[in-house]
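Colleague: Prediction below, plus the sequence it came from.
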Amino acid sequence: MRFFLSLCTGALCILSAVACEGEECGGSLPFIIILYGPQGSAKAAVSARLHVDYNLPAISPATYLTANVLDETPLGNIARDYVINGGPMPPDLVPSLLCDRLLQSDCCQGALLEDSPLRLEQVQAIQECLSPRFQVLAINIETSEEWIIKKAENRLFCTTCGKVFDLTQSSCQFNCDVCGTLLEKRAADSIEKLQAKVRRYKETLAPLLVWYKEEHSFV
């Protein structure tokens, strides 16, 4: 993971030199960086590191979707039934939400997105929406299935407050340090379910990576 963080930082240093102060750099556009990686690949840690190093807003599409639903915005009202009842959302809803967020003033110098969107047509819709103002850069975190499974084996969570704990940390106990609830393993962390998730993720991501490479927007 340290090697990957160094790779991301080095790549973005080069990109920062190209996409610096607007007119001084010939009007180069800021970057919207999309982080990809299967469950357990530490996307959140990478996002936090890049957020600190480059002072870019780190945006979780799921969190922003929930906020729109709670605030009863027009897009949130459309999404409400799908959030409550499940099922696939209209293909243009996620791009509309993300473009709405990325065109807000705090993203004018760029932003980070974690693992969304996955469908090629959604990426293309966002690229079309943002192209007058931003460049889209994808970073894929390649993590072995063995490492993901090992990490999951050491993961416990609190069924009351949802906090996640790592058994390899010396401070980790078997009761939640927030509410005292006995920690448990998630059913989703079973080896069989993790293997199936990684396999589906790679199958879904493959056409996206090909497209990104053809667009020269992949690290």
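Modeller: In hand now; what should we look at?

Colleague: Glu114 contacts Lys43, doesn't it?
Modeller: Yes: if you go by Cβ atoms under 8 Å, Glu114 and Lys43 touch, sitting 5.1 Å apart. Using the backbone N, CA and C atoms, a C-beta is placed for each residue, glycine as well.

Colleague: Need the residues touching each of the two.
Modeller: Common neighbours of Glu114 and Lys43 (criterion: Cβ atoms under 8 Å, 6 or more residues apart in numbering): Leu35.

Colleague: residue contacts, the closest residue to Lys151 other than its chain neighbours?
Modeller: If the residues on either side of it in the chain are set aside, Lys151 comes closest to Gly40, at 4.9 Å by Cβ to Cβ, 6 or more residues apart in numbering. For Gly40, the contacting residues are Thr143, Trp147, Ile148, Lys151, Ala152, Leu194, by Cβ under 8 Å, 6+ apart.

Colleague: report the longest helix in the protein, please.
Modeller: Longest among the helix segments of the chain by residue count, using DSSP state H, is helix 191-214.

Colleague: Next, name the residue at the spatial heart of the protein.
Modeller: Residue closest to the average C-alpha location in the chain (Cα atoms, centre = their mean): Glu114, at 1.1 Å.

Colleague: Figure out the helix or strand that the residue nearest to Lys151 lives in.
Modeller: According to DSSP states H and E, Gly40 maps onto no helix or strand at all.
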